[in-house]
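> 3D model of this:
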Amino acid sequence: MKPTDNIRKPKHTIRTKIFSALAIVIVIALALLWLAQVVLFDIVYSNVRISEVEATARHIKLFANKSTFFRTISDAAAKNDICADIISEDGSVVYEAENTATCLIHTMTASERREFIALADENTLFSVNYNTVTEEYAVDTITGSLLVSASNILYMETVEHNGEVYYLILDASVAPVGTVKKASASFLIVLSLILIAVAVVLANFLAKKIADPIGEISRQAKKLSSGSYTAVESHSAELDELNESLLAASRDLQEVERLRTELVANLSHDLRTPLTLIGGYAEMMRDLPSEITEENLDTIVSETRRLTSLVNDMMDVSLLENGRITPTFEAFDLSLSLSELLDSYQKLTLKDGYRFILETPAPSTVYADRTMIRQVITNLLNNAMTYTGEDKTITVRQSISENYVRVEVIDTGEGIAPDKLPMIWERYYKVDSAHKRAAKGTGLGLSIVRQVITLHGGRYGVRSTPGKGSTFWFELPLADSPSQA
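Numbers count the residues shown, from 1 in each chain. Alright, predicted model coming up:
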C-alpha cells in the first residue's frame, strides 16, 4: 500500500456542489444555444423561407381563374415578404408585386428571364447569386432542404389565367440572415449574462435553504454526546426528519446516561453489600474460631451466589444483545419444568417464609430452549420474591388458549404505576419502592425475559394495579400448534 493511500482527499461542501451543478447546467445550455446559433440557424432559417415560398405558390395557384387573382398575388407576397411576378412566354412582365429591394427577378432583362424559364422545371427551387463584378447570375438547384450559400431563393410554376398560360415566379430574399444572426448573437450574450446572474442568486438561495441548515445540524450533532442537541429550523421534509432523528438520539443518549448512572449506583450498592458481608463474616471466623458456624457459612454461600447471579445476568444481557446466544430447541413438558423449579424454590426459601402456589390444569409441551425458558421463569420468580407483599405468597398459573401456553407469575406487592409499566422491560431499569427487600438485582432480569421470549417468537406482558400486586406473563406456542410450525 502506498503511503498516500491513507490520505483522505478533501471533500467539497454542499454549497460548492450546488454552484458546480448549476454552472455545469448553464454551460451546457449556453453551449447548445451557441451551437444552434452557429451551426443550425442558417439551416432552420433557409428551410423556413423555402416553406414560405412553396406555401405562397400553392395559395396563389388556387385563385388562378378568379377575378381576385392579381390581388391575391399582391397580398400573399406582401404577407411573406416575397416578390411575385407573372411572366409571359416571351419574358415580359405581366404583373409584379415587388416587396424587397434585393429582388433579383426584377433586375433581369426579358432575355435573361426567358433563359431562366428555359432552365427551370416545374416546382423547382433555385438558389441564385448575382455577381456584381461579372454581372452574371449563378444558379443552383436546391435539393430538398439542403442549405446553399445563396442571396435569393427562386421558384417557378406555370399557371393558367383567363385561358392564357403564364409563369409564376417567386423571389424570396435570404440576405437578412447575417443581420438576424448578429442580433441573435447579441441576444445570446445578454442571455448568458442573465443566466449567470440567476445561477449565482439561485445557488445562494439553495445554499441558504439547504446547505446552511445541514451545516447547522452538523454543528448541533457534535453536541449529541452531551445530550444538548437543539432542533434547527429547516424548509424540507428530509431535514425535518433528520432533526427528529437527532432529537430522538439525543433523548436516547440522555436516557442511556441516566441508566448508566443508575447502573453504577446499583452495582456499587448491590456488589458492596454482599462483599461487605462476605468479608466481615470471613474475618470474624478467622479471628474467632468459635464463630465458624453453619449459619455464618450459609450467609457467605448465599452472598456468593448473589454475586454470581449479578455477574451472570450482566453477561447474559450482553450475549443476547450481541446475538451470540442462539436457542437450542427441543420439545419438553413446561408443566413439569414449572413443578420441578418451584419445588427447588420452596426448599431453598423455606426458612424465609415464602409460599409458592402452582396452578397447572393440564400438561403442556412446548418446543423451545429448556435452559433459556427456565431462566425466564427464574427471573420472574426472583422479581416476584423481591416485590411481593408481607404474606410472601407467589402464585404461578399455567393456562392454554388458542394454541398458546401462558405462564403467569403473580405477586401480592404494591404494584406498579401505569406510567412506569412500559419502562420495566428495559435493561437496568428498577422501580423505586419502599417495600423492596434486600435481595436486589441490577434491573436486568426483566430485560432478559423480554429478549429470550422475543427470540422464541413468543409474547410477554404485565398487568399491575397499584396496591393490588402485579402479574407478569409470557406465552409460547404449543409444540404441535400451527404457530410453532
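
> CA only for contacts and neighbour counts going forward, please
Fine.

> Give the next helix or strand downstream of the helix or strand of the chain with the lowest mean pLDDT.
In the chain, no helix or strand scores lower on mean pLDDT, DSSP states H and E than strand 136-141, which sits at a mean of 57. The element immediately downstream of strand 136-141 (helix or strand, assigned by DSSP states H and E) is strand 152-161.

> Contacts for the very next helix or strand once past that following strand, please.
Following strand 152-161 in sequence order, the next helix or strand is strand 164-173 (DSSP H and E). With contacts defined as Cα atoms under 8 Å, 6 or more residues apart in numbering, strand 164-173 is touched by 49, 53, 57, 81-89, 100, 102-105, 151-160.

> Can you point out the buried residues in strand 164-173?
In terms of neighbour count (16 or more other Cα atoms under 10 Å), strand 164-173 has its buried residues at 166, 167, 168, 169, 170, 171, 172, 173.

> Could you dump these into a markdown table and include pLDDT and distance to residue 455?
Shown next, in a markdown table, are those (pLDDT from 0 to 100; distance: Cα to Cα, whole Å):
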| residue | pLDDT | distance to residue 455 |
| --- | --- | --- |
| 166 | 88 | 101 |
| 167 | 86 | 98 |
| 168 | 87 | 95 |
| 169 | 85 | 94 |
| 170 | 86 | 91 |
| 171 | 85 | 91 |
| 172 | 83 | 88 |
| 173 | 77 | 88 |
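
> how much space between residue 63 and residue 31?
Distance, residue 63 to residue 31, by Cα to Cα, to the nearest Å: 47 Å.

> repeat for residue 21
Separation of residue 21 from residue 31 (Cα to Cα) stands at 15 Å.

> Kindly report the same for residue 396.
If you measure residue 396 against residue 31 using Cα to Cα, the figure is 83 Å.

> same question, residue 208
The value you get for residue 208 to residue 31, if Cα to Cα is used, is 29 Å.

> hang on, the earlier thing: are any of the contacts of strand 164-173 buried, and if so which?
Buried among the contacts of strand 164-173 (16+ other Cα under 10 Å): 49, 53, 57, 81-88, 102-105, 151-159.

> Looking at residue 396 and residue 31, which is more packed in?
When neighbours are counted by other Cα atoms under 10 Å, residue 396 and residue 31 differ, and residue 396 comes out ahead with 23 against 12.

> Pretty sure that one sits in a strand.
Yes - according to DSSP: H, G, I helix; E, B strand; the rest coil, residue 396 belongs to a strand.

> Could you chop the protein up by domain?
What the record gives for the chain is the domain set 17-181, 223-315, 326-477, from automatic domain parsing.

> Among those, which comes closest to residue 194?
Nearest to residue 194, of all the domains of the chain, is domain 17-181, at 10.6 Å by Cα to Cα.

> Where do the strands of this protein begin and end?
83-87, 93-97, 124-131, 136-141, 152-161, 164-173, 330-333, 355-359, 365-368, 393-401, 404-410, 459-464, 470-477 (DSSP state E).

> Point out the most buried one among these.
strand 83-87 (a mean of 26; mean count of other Cα atoms under 10 Å).

> As a markdown table, the strands of the chain with distance to residue 382 would be great.
Shown next, in a markdown table, are these (distance: least, Cα to Cα, whole Å):
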| stretch | distance to residue 382 |
| --- | --- |
| strand 83-87 | 110 |
| strand 93-97 | 114 |
| strand 124-131 | 105 |
| strand 136-141 | 106 |
| strand 152-161 | 105 |
| strand 164-173 | 105 |
| strand 330-333 | 22 |
| strand 355-359 | 12 |
| strand 365-368 | 22 |
| strand 393-401 | 10 |
| strand 404-410 | 10 |
| strand 459-464 | 15 |
| strand 470-477 | 12 |
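
> Output the contacting helices and strands for the biggest helix by length in the chain.
If you go by DSSP state H, the chain has its longest helix at helix 237-287. Counting contacts by 3 or more Cα pairs under 8 Å, 6 or more residues apart in numbering; DSSP states H and E, helix 237-287 packs against helix 212-221, helix 294-321.

> give me that answer again for 7 Å
helix 294-321 (3 or more Cα pairs under 7 Å, 6 or more residues apart in numbering; DSSP states H and E).

> Mind checking the pLDDT average for the helix it packs on?
The pLDDT scores in helix 294-321 average 77.

> what helices or strands is it leaning on?
Helix 294-321 sits against helix 237-287, helix 445-455, with contacts defined as 3+ Cα pairs under 7 Å, 6+ apart.

> Just want the angle from the last one to strand 470-477.
Relative orientation of helix 445-455 and strand 470-477, computed by axes from the mean of the first three to the mean of the last three Cα atoms, to 10 degrees: 20 degrees.

> Just the angle for helix 445-455 relative to strand 459-464, thanks.
With the same axes, to 10 degrees applied, the angle from helix 445-455 to strand 459-464 works out at 140 degrees.

> Now do helix 445-455 against helix 294-321, angle only.
Going by the same axes, to 10 degrees, helix 445-455 makes 40 degrees with helix 294-321.

> So what touches helix 445-455?
Helix 445-455 has contacts (Cα atoms under 7 Å, 6 or more residues apart in numbering) with 313, 317, 320, 372, 376, 379, 425, 426, 427, 459, 460.

> any idea how far the third one lies from residue 368?
Read it as residue 320. Distance of residue 320 to residue 368, computed by Cα to Cα: 16 Å.

> And for the fifth one?
In this structure, residue 376 and residue 368 are 12 Å apart, going by Cα to Cα.

> just to revisit the earlier point, can you put the buried residues of strand 164-173 in TSV and add distance to residue 116?
Below are those laid out as TSV (distance: Cα to Cα, whole Å):
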residue	distance to residue 116
166	14
167	11
168	12
169	10
170	13
171	13
172	16
173	17
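
> Relative to residue 35, which of these is nearest.
residue 173 (24.3 Å).

> how close does the closest one get to residue 102?
Residue 173 sits 7 Å away from residue 102 when distances are taken as Cα to Cα.

> Let me see the contact set for the most far-flung residue of the chain relative to its centre.
Distance from the centre of the chain peaks at residue 90, with 80.4 Å (Cα atoms, centre = their mean). Residues in contact with residue 90 (Cα under 7 Å, 6+ apart) are residue 114.

> give me phi/psi at it?
phi -90, psi 0 (degrees, to the nearest 10).

> what bridges to the residue nearest to residue 50 when sequence neighbours are not counted?
Closest residue to residue 50 in three dimensions, ignoring its sequence neighbours and counting by Cα to Cα, 6 or more residues apart in numbering: residue 153, at 7.5 Å. With DSSP bridges as the criterion, residue 153 is bridged to residue 127, residue 172.

> hang on, residue 313 packs against residue 444?
Yes - counting by Cα atoms under 7 Å, residue 444 is a contact partner of residue 313 at 6.3 Å.
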